[in-house]
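Asks: The sequence isn't on hand, but the structure is:
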């Protein structure tokens, strides 16, 4: 079986052959044999790769899959390579469109730094939210035009409330 | 509802009224109100009893139920009081009979200190088993006559293997 | 003697105080908000009482309920921890009026240090150097321009009642002064209910060095050496260490003596901290006095062998200090990293949620002051700091290596924490050399790709997990599509099972 | 310098050694048996290799495989920990022959101390007091009777190659001597392959006090003070502390100097421990020298601030000791409790199984050297000690209170441990007063009913759990009988869920 694994901006192609604890695996041309043993609750594993010892954790945070290897945490997406190829076009179509900036936690809106119609760049701060006694700035992931602003300063918001909508 | 709870040699009669976190309860004439909150995985609880703070754990060890309150561990049996009354006679009949001394862990038999036909007293050592680099003596819980010896010195045994049978 | 103490706080500092009380055979009463019913300090205390709703103003800041609870529980004394009511002079006074020992300085000593302008005046008189600037509030823009001219730009506009960076503005040129005065006044009014602001010389790349003092009720005042706290972000300390790399014995003695004079000048009792800034010429200036136990007090505990909470309780009970200045010995090197539920890769955004997995560091020279256990749900209402990791070693470089080792062992699942930030900071050549200032964090470079090998393995591991979940899904698959992972995945199951547990 | 170390051990000591290696920037190679695939030392090491089946003889005692693994991994050095091959002179020699640094003394120094009769002779010559007795094996019953008569009953029959209480018999009168010689010879032959036994005066209620020594390859030998280890059961130490309550500075210096002479007499290098017994008249006698790091070395680390594993590695690398005897400072009081997977309420029966829940103690003055994490399955093949809890405080009574506080915080679920034993022992008036001997454990009273209130609450809690499980079972109940708890119980579900996890 082959999988496409994306971590940050890098996509690795992994093909593997899994037999009872030992997994033979090719990752971007490098061949590895992994001895994998469950330590606790099917989430925490000990991996031995040519003798090198790694402790690996699989977790979910909401929709996001996360793995942690020797303390280094990465958000990952994994796709079956064949299916990924079939879906290629659908994906890129879906990726376009609007971005919703949501409240990452319940809190109070301190400041909205954009207005409807403004052009924002990728990474630009748009809203400041206060929670846990700290002010935190939320950023646009992709650039675009501010289509809608759904909160005002001083508003109390719940987690995942949409605050600002940015479109193409 | 009323329950009979036995810890060591003491049986407590507990009647309770359980409503959403707060439990009103009478135990051997003492009335308590317990505020009970789950801390982790439905096993670890915080109890507040008239302000006193207790941390309580429910666990199973094989057939045995165990509770641990502020670090003090107790093996408990709990019975519905009405059912317990109905079963009274069945119980006492079952309690009589033979005692099987079983291996509490895998190990090697070092020494058998009784022979078939010997009379043993409650608490008397009958077998020495070696495990984890240590020798451990196993004792008869009730007195009686040795009916059967199923192992010899030097034998390797598995957990729960019957080693010696003691009868009335 | 004190038999029972109410701890008017939560989190790791409440747990910290309870630990010493247990060791002293003193009973403990915890208070908690509705959000903290299952918190560790509630579990660890002998008794615990709910004092209100989740927001601090309804619970940990609610003086009436706290004093009422102390009286009902029969507590002889209240320990305020840090934050919340710890520097509230009225609260200290009200405890005393209610016949309860307040474990800290008197309300008057707090007031003397609470106003920055008043404190600057007192310190000047006591011969403690203060940053050049005004001892009174600035009344007009004209007055401000004159003062700024005389002390030289850049200048700092500060709120007299300020703290935590609020109501503070750096002004580089006369053009910006009027605007800065206006915004600082408005911030100060809303944050502290007092719009008095004053001017200070703004020191470039200063270092933040503070001295721990202890003062009993019999006139004995000692200092226990320094802590360097220059690794800060938005005026929040992140890493503290002792000794400071820029102090030699002569400077340490001079600053320590100044700290003792500062405490004496206001009739201070109990534990307190005198904060200084040290400029690039190694001149030191009084910044402020924190009239409470500090977050970073364990750094001093490890270097001196003292239990500062024990000393606080003894002092509050009227006992004399059991040692004198000449008995204080400073050993080795100590370092603290504050562990917060924040994502250092997303501008330190708070990270709430349940701690699904916990594995704590141990072994030689490692101390963990934690406020949570596995299963804990980090609430959104309070400070995101959830634990402190402190190490000691004979030498500074050994302490740094030990801290990195301990951070690598520390595994907290389910939430993001500042552990990766600390690992980066401790690997920064400036930190290693000891040549860093309060601008350290903002001038840290982008995250180096240190975990390349780990990410390679992470990709392999993720593929294996996906493969196994697909394989498991197929036989049970209702309608198949197993290879897509649409079936029940162990990964998803794990998440769902956790969610169920939380709901119960 | 040493770049990579193979740790020829398992459990907490392997983890302990790995920690210092990490801090020194030295790579680590773990070895493990089939039973230890998921053990903590495998997780913590940079690399790990399986060296055989679960029984020690097939793995941790298998010299060929260990040396072979060290060579394949490119390790410069081997650290043997304690137990297993740590005092095996042949193994030390074979490492050297294979070009691998053995982190410990030379094989010859081990041999000189390995035979108790030879060591007694060497010590006598070096002016180190030994217990009255023979320096040669006893050949005949007649010879034995003569010697016993001259030193006076009771006497102790001991195996020359002995250790751990095997081949040891106390003889109260001449009638019992011949029988004791016979059984001791037979035990010695089967345990050590050598039936030589000798006679010693049996000291009544002695105290076990040992001295830590460090010796470099340049002739520097120092001692780091004592550890009192009189709390023993079947010659296994359970609690160790420093300082010993029976030593004053004069006796400490005399014993420390004797310990240094003992090490010098055999050309000892690296870390070692000289064990003495001290009789009721405070006379001390050489007992034996342990030619390795001891289990209880952290007690000394906390009192001296030294990292003994770091010192061991430096010494093995040929570096001189970085301090001299007069630089050694002993601070405060330190205490260690060995945490074993044993049931103290059932004659210390080993308790195997999975650790289902783990909450570790922390806070001021607490150090935990643990060899396991949550989920760990305690194997049946090895020593049941799974962790060591060590505390430090300024004064002994504070250290005892701190240890009790830490033991109360320590929650290990799924297996029985010796934590309740330690809590009892530390509450024993004899321990508190410091007036105890090696007979302490066997003369401990029956378990007092200290937890009456807890048991009352336990009964209430158990009833609530039963009630909830019955209530939950009823609606889903297939065929009812819910009140009997025959339906799916959360209690049972929990157990079953754990079992499933383990099987996967």
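Replies: Yep, that arrived. None of the values given here were measured: they were computed from a predicted structure.

Asks: Not counting the helix or strand containing residue C:69 itself, show me its contacts.
Replies: Per DSSP states H and E, residue C:69 falls inside helix C:63-73. Here helix C:63-73 makes contact (CB atoms under 8 Å, 6 or more residues apart in numbering or on different chains) with B:51, C:4, C:6, C:8, C:29, C:31, C:47, C:49, C:51-52, C:59-60, C:78, C:85, C:88, C:90-91, C:94-95, C:98, C:100. No exception for glycine: its C-beta is placed from N, CA and C like everyone else's.

Asks: Quick check: can you list the domain ranges of chain A?
Replies: If you go by automatic domain parsing, the domain ranges for chain A are A:2-81, A:91-167.

Asks: Return the most buried member of the ones you listed.
Replies: Ranked by mean neighbour count, these are led by domain A:2-81 with a mean of 18 (mean count of other CB atoms under 10 Å in any protein chain shown).

Asks: Now the terminal residues of it, how far apart.
Replies: Start-to-end span of domain A:2-81 (CA to CA, to the nearest Å) is 6 Å.

Asks: wait, does it contact chain B?
Replies: No: judged by CB under 8 Å from any CB of the partner chain, domain A:2-81 and chain B are separated, with a smallest distance of 10.2 Å.

Asks: Pull the number of nearby residues for residue C:326.
Replies: Neighbour count of residue C:326, defined by other CB atoms under 10 Å in any protein chain shown: 7.

Asks: Distance of it relative to residue C:80?
Replies: Distance, residue C:326 to residue C:80, by CB to CB, to the nearest Å: 31 Å.

Asks: Show the contacting residues for residue C:119.
Replies: Contacts for residue C:119 (CB under 8 Å, 6+ apart) come out as C:112-113, C:266, C:286, C:288-289.

Asks: Output those as JSON lines; include the columns distance to chain D.
Replies: Below are those laid out as JSON lines (distance: CB to the nearest CB, whole Å):
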{"residue": "C:112", "distance to chain D": "31"}
{"residue": "C:113", "distance to chain D": "27"}
{"residue": "C:266", "distance to chain D": "28"}
{"residue": "C:286", "distance to chain D": "29"}
{"residue": "C:288", "distance to chain D": "27"}
{"residue": "C:289", "distance to chain D": "24"}
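
Asks: so of these, which ones are in strands?
Replies: C:286, C:288-289 (DSSP state E).

Asks: mind checking how far the closest residue to residue A:15 other than its chain neighbours is from residue A:85?
Replies: Nearest in space to residue A:15, with sequence neighbours left out and distances taken as CB to CB, 6 or more residues apart in numbering or on different chains, is residue A:2 at 4.3 Å. Computed as CB to CB, the residue A:2 to residue A:85 distance reads 10 Å.

Asks: again, but for residue C:447
Replies: Residue C:447 sits 32 Å away from residue A:85 when distances are taken as CB to CB.

Asks: what's the answer for residue C:433, then?
Replies: Going from residue C:433 to residue A:85 by CB to CB gives 51 Å.

Asks: And the helix holding residue C:69, what's buried?
Replies: By 16 or more other CB atoms under 10 Å in any protein chain shown, the buried positions in helix C:63-73 come out as C:65-67, C:69-70, C:73.

Asks: just how off-centre is that helix within its chain?
Replies: Computed by CA atoms, centre = their mean, to the nearest Å, the separation of helix C:63-73 from the middle of its chain amounts to 26 Å.

Asks: Same check on stretch C:394-407?
Replies: Centre-to-centre, stretch C:394-407 and its host chain are 21 Å apart (CA atoms, centre = their mean).

Asks: Could you find the closest non-adjacent residue to residue 134?
Replies: In the absence of a named chain, chain A is used. Residue nearest to residue A:134 in three dimensions, not counting chain neighbours: residue C:350, with 6.4 Å by CB to CB, 6+ apart.

Asks: looking at chain C here, not the other one
Replies: residue C:198 (4.7 Å).

Asks: Double-check that neighbour against residue C:131; I have them as touching.
Replies: No: using CB atoms under 8 Å as the test, residue C:198 is too far from residue C:131 to be in contact (10.6 Å).

Asks: do you know how far residue C:284 is from residue C:203?
Replies: From residue C:284 over to residue C:203 the distance is 11 Å, taken as CB to CB.

Asks: Going by mean pLDDT, which of the domains of chain A comes out lowest?
Replies: Note on those: domain A:91-167 shows the lowest mean pLDDT, a mean of 82.

Asks: Quick one: name the residues of the stretch 301-450 of chain C near chain A.
Replies: By CB under 8 Å from any CB, the part of the stretch 301-450 of chain C that sits against chain A consists of C:341, C:347-350, C:352-353, C:356-357, C:380-384, C:407-408, C:411, C:413-414, C:416, C:419-420, C:423, C:450.

Asks: I only care about these that end up buried; give me the ChimeraX line for that.
Replies: Selection of buried members from these for ChimeraX, criterion 16+ other CB under 10 Å:
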select /C:341,348,349,350,352,353,356,357,380,381,382,383,384,407,408,411,413,414,416,419,420,423
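
Asks: can you give me the end-to-end distance of stretch C:79-92?
Replies: For stretch C:79-92, the first-to-last residue distance is 10 Å (CA to CA).

Asks: My error: substitute stretch C:110-120 in the last question.
Replies: For stretch C:110-120, the end-to-end distance is 14 Å (CA to CA).

Asks: can you pull the contacts of the nearest residue to residue A:46 once chain neighbours are set aside?
Replies: Distance criterion CB to CB, 6+ apart; nearest residue to residue A:46, sequence neighbours excluded, is residue A:37 at 4.9 Å. Counting by CB under 8 Å, 6+ apart, residue A:37 touches A:21, A:45-46, D:37-38.

Asks: In terms of distance to residue B:158, which of the residues you listed ranks first?
Replies: Distance ranking of the contacts of residue A:37 against residue B:158, using CB to CB, places residue D:37 first at 21.3 Å.

Asks: Report how many residues lie close to that closest one.
Replies: With other CB under 10 Å as criterion, residue D:37 counts 17.

Asks: element containing the residue nearest to it when sequence neighbours are not counted?
Replies: Of all residues not flanking residue D:37 in the chain, residue A:37 sits nearest, at 5.0 Å (CB to CB, 6+ apart). Assigned by DSSP H and E, residue A:37 falls within strand A:30-40.

Asks: hmm, the helix ranked longest in chain C touching chain D?
Replies: In chain C, assigned by DSSP state H, the helix with the most residues is helix C:452-476. No: interface with chain D: helix C:452-476 contributes nothing (CB under 8 Å from any CB), its closest point being 10.1 Å away.

Asks: Contact partners for residue A:65?
Replies: In this structure, residue A:65 makes contact with A:58-59, A:75-78, C:462, C:491, judged by CB under 8 Å, 6+ apart.

Asks: re the thing from before, and the domains of chain A as JSON lines, adding distance to residue B:122?
Replies: Formatted as JSON lines, those follow (distance: least, CB to CB, whole Å):
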{"stretch": "domain A:2-81", "distance to residue B:122": "41"}
{"stretch": "domain A:91-167", "distance to residue B:122": "61"}
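
Asks: Would you mind saying which of these lies nearest residue D:226?
Replies: For the domains of chain A, proximity to residue D:226 was assessed by CB to CB; domain A:2-81 is nearest, at 37.9 Å.
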